[in-house]
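**Student:** predicted model follows, preceded by the sequence.
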Amino acid sequence: MPDPRYEHAKTLRRDGRAAEASSVLTALLAERPGDIGALYALAVCQIDMGERGHARENLRRIAGAHPDHYGAHYQLGRLSQDEGDLRAAAVHYRQVLAVNEYADAAARLAQCERATAVPPVRKMIEQSYVADRGNLVHSLRLKARHILPLGSIAGVFLALVTVRFLDTMTRAGLEVAYPLVLIVLALLLNVALSPITIYIRTRMYTAQLYDYGMDVSAGVFRRSKQFVWYYQITEPPTYVRRPANYLTHTASLIVSYNDTAATTVRVQLRGFGSPRQVDQIRSYLQSRIPSERLPIRGPWT
């Protein structure tokens, strides 16, 4: 049953008494600090009172604990938009629309996107004679959970079974073959080094998305780095989710692009986030292709 103080606070705010409502909600949260509804209501009252800093802090707490709380993202979007940070506002409005067609989020997102529209690369070159990659928009990194479960679990299981088997043979007085001992040692070494190798791979497989293109790094010993202009992308990125992804709650993207005027290659952005996060990046890349590719590539590609 909802706490009657919550309803009382709503009535006070509706009557224009936000400060009194804030006091009621603060007392309620002192007793029930995990009450997200009361915390959100308090943030709204703080916005009414001009306490934007406190409101933003509470809204971020809500969005961090509950990413699907579209109300918190909507209010964060409005705060950012009012303060002129249109890029941040657009990010929050997209998160709102990924969950719910809430209020005027779509209209506000369109306003932010029109105001922050990035000129195509050709126009930039004509104006400055320099092809600058622009500002960093997203930073992606391979998630440890994407590569951890299957290989590591299988290695640990196989090592334990083999050690148990050797122990049984030793207790029974049977001779243990030397190659088998080496295999066990190799398995144990692989298990012991797994955390290190996983950590290294998560730092080596990255992608930085800028206004005009993306910088992709992959590999450890056979290292590769490549910058792909958005106008080089030949088709909408492909969202990929294989059986292993369901166990790790991840997804990947495959991006096809022209490395020359006549050839196309693929680059894969592996397991860098949850399915929803990956789909948001897919939508971002797809939105960048028309404004970059059409003016500079022309109909001959």
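**Tutor:** All right, it came through fine. Residues are numbered from 1 along each chain as shown.
**Student:** okay, domains of this structure per the record?
**Tutor:** Taking automatic domain parsing as the criterion, the chain consists of the domains 4-115, 121-142+205-297, 145-203.
**Student:** tabulate the ones you listed (JSON lines), appending mean neighbour count and mean pLDDT.
**Tutor:** Heads up, the C-betas are built off the backbone N, CA and C, glycines and all. As requested, the domains of the chain are exported to JSON lines (neighbours: other C-beta atoms under 10 Å; pLDDT from 0 to 100):
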{"stretch": "domain 4-115", "mean neighbour count": "17", "mean pLDDT": "91"}
{"stretch": "domain 121-142+205-297", "mean neighbour count": "16", "mean pLDDT": "83"}
{"stretch": "domain 145-203", "mean neighbour count": "13", "mean pLDDT": "63"}
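**Student:** Q111 and V267: what is the separation?
**Tutor:** According to C-beta to C-beta, to the nearest Å, Q111 stands 33 Å off from V267.
**Student:** repeat for V99
**Tutor:** Distance from V99 to V267, by C-beta to C-beta: 30 Å.
**Student:** which one is K225 nearest to, not counting chain neighbours?
**Tutor:** Excluding the flanking residues, the one nearest K225 by C-beta to C-beta, 6 or more residues apart in numbering is S217, at 4.9 Å.
**Student:** tell me the bridge partners for that neighbour.
**Tutor:** Beta bridges link S217 to T206, K225 when assigned by DSSP bridges.
**Student:** I254 too?
**Tutor:** Bridge pairing for I254 - DSSP bridges - gives T238, Q268.
**Student:** so what's it up against?
**Tutor:** By C-beta atoms under 8 Å, 6 or more residues apart in numbering, the residues touching I254 are P237, T238, V240, R266, V267, Q268, L269.
**Student:** now those residues in a markdown table, please, with extra columns for distance to Q226.
**Tutor:** What follows is the contacts of I254, written out as a markdown table (distance: C-beta to C-beta, whole Å):
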| residue | distance to Q226 |
| --- | --- |
| P237 | 15 |
| T238 | 18 |
| V240 | 19 |
| R266 | 11 |
| V267 | 7 |
| Q268 | 12 |
| L269 | 12 |
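**Student:** can you pull out the helices in this protein?
**Tutor:** Taking DSSP state H as the criterion, the chain carries its helices at 4-14, 18-31, 36-48, 52-65, 70-82, 86-97, 105-115, 121-128, 144-147, 149-171, 178-204, 243-248, 275-297.
**Student:** of the contacts of I254, just say which sits nearest to L42.
**Tutor:** L269 (38.9 Å; C-beta to C-beta).
**Student:** that closest one reaches L209, doesn't it?
**Tutor:** No: between L269 and L209 there is no contact under C-beta atoms under 8 Å: 9.4 Å.
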